[in-house]
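Asker: build me a structure from this.
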Amino acid sequence: MDAPPRSNGLTRGDPLAGLLEGPRARGAFMIRACFDPPWAIRVEDRAPLTVMLMVRGESWIVPDTGERVRLRPGELAIARGPDPYTCADDPGTAPQALILPGAECHYPDGRPLNGSMDIGVRSWGSRTDGSTMMLIGTYLVQGEIHGRLLDALPPLLSLTSGMWRCALTPVLMDEIVRDEPGQEVVLDRLLDLLVIAGLRAWFARPEAAPPAWYAALADPVVGRVLRLAHDDPAHPWTVASLAAKAGVSRAALARRFTELVGEPPMTYLTGRRLALAEDRLRDTDDTLESIARQVGYGSAFALSSAFKRVYGVSPQEHRTRAAQGGASQGYRAGSAAETAPTARLNSGHSTSG
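Answerer: From the prediction side, this is the model:
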């Protein structure tokens, strides 16, 4: 299965699609978990995102804080790290295994499992025909999931069979147990597709509480500006030029945009530009000068200054860490949300940075 053609990073007129195009697994951890009750697995792997698709039987996802989720066949849960949680046949079942960073598996007392629960190709648990089966996919590296997407999600979400139908289940069931050349790439792309399909269905739910800008798309003024920012982030936008396009004054735009989106228009545009730069640093060999022009900065120096101010590392260091998988050791790639808004605001008002 070939990966779909890469876009230029811009999905015209559809900021939600721009958000969802981010997931790109690379050697993600995928497994078929098969158990008979009673069973429970404690997960403390600090992975940025894990998706759990119930095939047969039932399970509970129990976070340390927040509401627990019950999964039945065909239903999906997505856990956003780094918070730990427990998967079990019943919330009261004591964990039998502990999952740590890097997909390391131990007994609860710390002793390594040493493969004692391996039951086949990408299969784990008690027996392959156990009464419970769950397909699990985990993004191990932060850079594989954009910070803006992670920041838009709750720690744990679920989709019941009444909310969606997963046409991917038969394909995943077939592919996850294959051991053929290129299989890792096939599974990576299937995991991406599963996550995107699930999140698209979740964002459409009224209880989803999607990011503020998503609701703001319906506003005739702010929605217009959001689409301009996504369609052409490289344009040397100013508050004045955006306001002119929206047909309002600068003050009116700044006030309304901040009210609906939660940050000023130029701060939002800066986040969009730097997210695109982060994407290109990770996925292309383009020079920093080229990337700067593509995302709306007048020079490599301007982009580098803005990037380091928001992400805390230089673009080159970010690229090196992403290539080495260093993000899994605690470096959060792609999240501008943890930086002070004033720093983000100052980092990208124009193409001069």
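Asker: show me where this structure has its helices.
Answerer: All helices of the chain, identified by DSSP state H, fall at 15-20, 147-151, 169-175, 183-203, 212-216, 222-231, 239-246, 250-261, 265-283, 288-295, 300-311, 315-324, 341-345.
Asker: pull out the buried residues from the longest one.
Answerer: Looking back up the chat, that one is helix 183-203. Of the residues in helix 183-203, 183, 186-199, 201-203 count as buried by neighbour count, 16 or more other Cβ atoms under 10 Å. The C-beta positions use only the backbone N, C-alpha and C, and glycine is treated the same way.
Asker: now swap in stretch 99-107 and tell me
Answerer: So, applying 16+ other Cβ under 10 Å, buried residues of stretch 99-107: 99, 105, 106.
Asker: closest to residue 155 out of the residues you listed?
Answerer: residue 99 (16.7 Å; Cβ to Cβ).
Asker: any idea how many residues pack against residue 124?
Answerer: As a burial measure, residue 124 scores 20 neighbours (other Cβ atoms under 10 Å).
Asker: my read: it touches residue 30, true?
Answerer: No - in this structure residue 124 lies outside contact range of residue 30 using Cβ atoms under 8 Å: 10.7 Å.
Asker: I'd like the distance from stretch 150-162 to the chain centre, please.
Answerer: 12 Å (Cα atoms, centre = their mean, to the nearest Å).
Asker: and if you look at stretch 279-298?
Answerer: 21 Å.
Asker: kindly report the same for stretch 83-103.
Answerer: 22 Å.
Asker: what is the mean pLDDT for that stretch?
Answerer: The average pLDDT for stretch 83-103 rounds to 93.
Asker: same question, stretch 130-140
Answerer: 91.
Asker: returning to that earlier point: the helices of the chain into JSON lines, with extra columns for mean pLDDT?
Answerer: Below are the helices of the chain laid out as JSON lines (pLDDT from 0 to 100):
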{"stretch": "helix 15-20", "mean pLDDT": "58"}
{"stretch": "helix 147-151", "mean pLDDT": "71"}
{"stretch": "helix 169-175", "mean pLDDT": "90"}
{"stretch": "helix 183-203", "mean pLDDT": "88"}
{"stretch": "helix 212-216", "mean pLDDT": "76"}
{"stretch": "helix 222-231", "mean pLDDT": "90"}
{"stretch": "helix 239-246", "mean pLDDT": "97"}
{"stretch": "helix 250-261", "mean pLDDT": "95"}
{"stretch": "helix 265-283", "mean pLDDT": "88"}
{"stretch": "helix 288-295", "mean pLDDT": "94"}
{"stretch": "helix 300-311", "mean pLDDT": "93"}
{"stretch": "helix 315-324", "mean pLDDT": "83"}
{"stretch": "helix 341-345", "mean pLDDT": "30"}
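Asker: of these, which is nearest residue 140?
Answerer: So among those, helix 183-203 is nearest, using Cβ to Cβ, at 11.2 Å.
Asker: elements contacting that closest one?
Answerer: helix 15-20, strand 49-56, strand 76-80, strand 132-139, strand 156-159, helix 169-175 (3 or more Cβ pairs under 8 Å, 6 or more residues apart in numbering; DSSP states H and E).
Asker: thinking again about what came up before, can you say which of the helices of the chain is packed in most?
Answerer: Sort the helices of the chain by mean neighbour count, taking mean count of other Cβ atoms under 10 Å, and helix 265-283 sits at the top with a mean of 24.
Asker: and that one, C-alpha only, in PDB?
Answerer: Extracted in PDB, the C-alpha atoms of helix 265-283 (Å, rounded to 0.1, in the frame of the first residue of the first chain):
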ATOM      1  CA  PRO A 265      -4.700  36.800  14.700                       C
ATOM      2  CA  MET A 266      -0.900  37.300  14.300                       C
ATOM      3  CA  THR A 267      -0.200  34.900  17.200                       C
ATOM      4  CA  TYR A 268      -2.400  32.300  15.500                       C
ATOM      5  CA  LEU A 269      -0.600  32.900  12.200                       C
ATOM      6  CA  THR A 270       2.800  32.500  13.800                       C
ATOM      7  CA  GLY A 271       1.700  29.200  15.200                       C
ATOM      8  CA  ARG A 272       0.500  28.100  11.800                       C
ATOM      9  CA  ARG A 273       3.800  29.100  10.100                       C
ATOM     10  CA  LEU A 274       6.000  27.500  12.700                       C
ATOM     11  CA  ALA A 275       4.000  24.200  12.600                       C
ATOM     12  CA  LEU A 276       4.500  24.100   8.800                       C
ATOM     13  CA  ALA A 277       8.200  24.800   9.300                       C
ATOM     14  CA  GLU A 278       8.400  22.000  11.800                       C
ATOM     15  CA  ASP A 279       6.700  19.700   9.300                       C
ATOM     16  CA  ARG A 280       9.200  20.500   6.600                       C
ATOM     17  CA  LEU A 281      12.200  20.200   8.800                       C
ATOM     18  CA  ARG A 282      11.100  16.700   9.800                       C
ATOM     19  CA  ASP A 283       9.900  15.500   6.400                       C
END
